[in-house]
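# Show me how the following folds:
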Amino acid sequence: MSATAATGQTSNLPPLRNPDILIGQNDLTALSYLNEPEVLYNLEVRFLNNNQIYTYCGIVLVAINPYEQLPIYGNEFIQAYNGQDVQNMDPHIFAVSEEAFQKMVHFEQNQSIIVSGESGAGKTVSAKYTMRYFANVGGSSEETQVEKKVLASNPIMEAFGNAKTTRNDNSSRFGKFIQIDFNRSHHIVGASMKTYLLEKSR
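This is a model prediction of the structure:
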């Protein structure tokens, strides 16, 4: 027991720091010391020094909104993750999508991807890229236009439940549940969207 603990006083020592060799890890669980300053610093290094907006924290994918279009969502990236062992690849929204798709195919079980974050974090865009991935691996462009059809309904829904905030000009005031349906051949056959938690004040 330390003298500080014995007297009941709060320690003023800073949180323990990770060695330099661990800084910039693509999985936060690989850090020796997992405290808030170290997590934020690791994300900062990956974003500013390595231009990496995605970082794993176990099975969770942490995304930093760069507030600009990045060239990491084209068909070449979709093909790079399609059918691969994503555990050995860089963190990406396509890696999460591929893992869900593979588990659906191999285990024939429904899969869920939860996209969460504060206003302006990029939830709508992340959901868009997930649907784009499924539209590409779950059927040819002639067979499905699920991404376009689902996203085409967004302006109508936003007219009922979006609002301007200090951090986001088009902030959703409701949650969205998007269901994408596949057939036995793992091709997309349809999709539906439901809203929930709509703010009554709006």
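
# And the next helix or strand past the least confident helix or strand in the chain by mean pLDDT?
Across the helices and strands of the chain, the lowest-confidence element by mean pLDDT, DSSP states H and E is helix 3-7, at a mean of 48. Helices and strands here follow DSSP states H and E; after helix 3-7, the next one along the chain is helix 36-44.

# now the helices for this protein?
Using DSSP state H, the helices assigned to the chain run over residues 3-7, 36-44, 75-81, 93-107, 123-137, 146-152, 154-161.

# can you give me how far the last one is from the chain middle?
How far helix 154-161 lies from its chain's middle: 22 Å, per C-alpha atoms, centre = their mean, to the nearest Å.

# same deal with stretch 97-110?
17 Å.

# Return the alpha-carbon coordinates of it using PDB.
Extracted in PDB, the C-alpha atoms of stretch 97-110 (Å, rounded to 0.1, in the frame of the first residue of the first chain):
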ATOM      1  CA  SER A  97     -18.700  -5.500 -43.600                       C
ATOM      2  CA  GLU A  98     -16.700  -8.400 -45.100                       C
ATOM      3  CA  GLU A  99     -16.600 -10.200 -41.700                       C
ATOM      4  CA  ALA A 100     -20.400  -9.800 -41.300                       C
ATOM      5  CA  PHE A 101     -20.900 -11.100 -44.900                       C
ATOM      6  CA  GLN A 102     -18.600 -14.100 -44.400                       C
ATOM      7  CA  LYS A 103     -20.400 -15.100 -41.100                       C
ATOM      8  CA  MET A 104     -23.800 -14.800 -42.700                       C
ATOM      9  CA  VAL A 105     -22.600 -17.000 -45.600                       C
ATOM     10  CA  HIS A 106     -20.800 -19.600 -43.500                       C
ATOM     11  CA  PHE A 107     -23.100 -19.800 -40.500                       C
ATOM     12  CA  GLU A 108     -26.400 -18.800 -42.300                       C
ATOM     13  CA  GLN A 109     -27.200 -16.500 -39.400                       C
ATOM     14  CA  ASN A 110     -28.500 -12.900 -39.400                       C
END
